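> Need coordinates for the following:
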Amino acid sequence: MHLLDILQHWTENNAFLTWLRESSSVWAYPTVFFVHTLGLVFAAGASVIVDARLLGAARQLPIAPFARYFKAIWIAIAITVVSGVVMLGTDLQTKLLNRLFPLKMLLVIGAIASTAVLQRRVARTQGSPASTSVHALAVASLLCWLGAVSAGKFAAYF
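Sure thing, here's the model as predicted:
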């Protein structure tokens, strides 16, 4: 038996995932979807604020205090990942076979990786302007978040 078959069997027979999949309650799948969206809004939104500042927006504001945003970003990423895994479990095969799913996951990994690197770079910034490499990372972060959100939304149509 392959790993995918084992996961498929487990997700199909898991009581919680079955309830989420089959229940008409607003507390089932719609709530998980809402929590996922909320986490995504906070993760991507706070990242966009940090990225925009690193790219030169609001130059009158020092960069170093933006390091505080990363705690909220990481909490939001954790919420998004956990709720995303739960939603994946409700219809594993369909979601894994979606043509945009691998792209979405690659972009999510890119967004998380760029966030981790940017956090270290912002923490080291002591009022100095962002370097060219930080600008490139901020652009990559923006593109990854935009791409991940778009791929997630367009996946419903493929």
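> burial of the residue nearest to residue 114 when sequence neighbours are not counted, as a residue count?
Taking Cβ to Cβ, 6 or more residues apart in numbering as the measure, residue 114 lies nearest to residue 141, with 4.0 Å between them; neighbours along the chain are not counted. Every C-beta, even on glycine, is put in place using the N, C-alpha and C of the backbone. The local packing of residue 141 (other Cβ atoms under 10 Å) involves 25 other residues.
> and residue 141, what element?
Secondary structure from DSSP states H and E places residue 141 in helix 132-154.
> what does that helix contact?
40, 43-44, 47-48, 50-52, 54-55, 100, 103-104, 107-108, 110-111, 114-115, 117-118, 121, 125, 130 (Cβ atoms under 8 Å, 6 or more residues apart in numbering).
> Kindly recompute the last result at 6 Å.
44, 47, 51, 54-55, 100, 103-104, 107-108, 110-111, 114, 117-118, 121 (Cβ atoms under 6 Å, 6 or more residues apart in numbering).
> List the ones among the residues you listed that fall in helices.
44, 47, 51, 54, 103-104, 107-108, 110-111, 114, 117-118, 121 (DSSP state H).
> and those residues, which are buried?
Buried members of those, counted by 16 or more other Cβ atoms under 10 Å: 44, 47, 51, 54, 103-104, 107-108, 110-111, 114, 118, 121.
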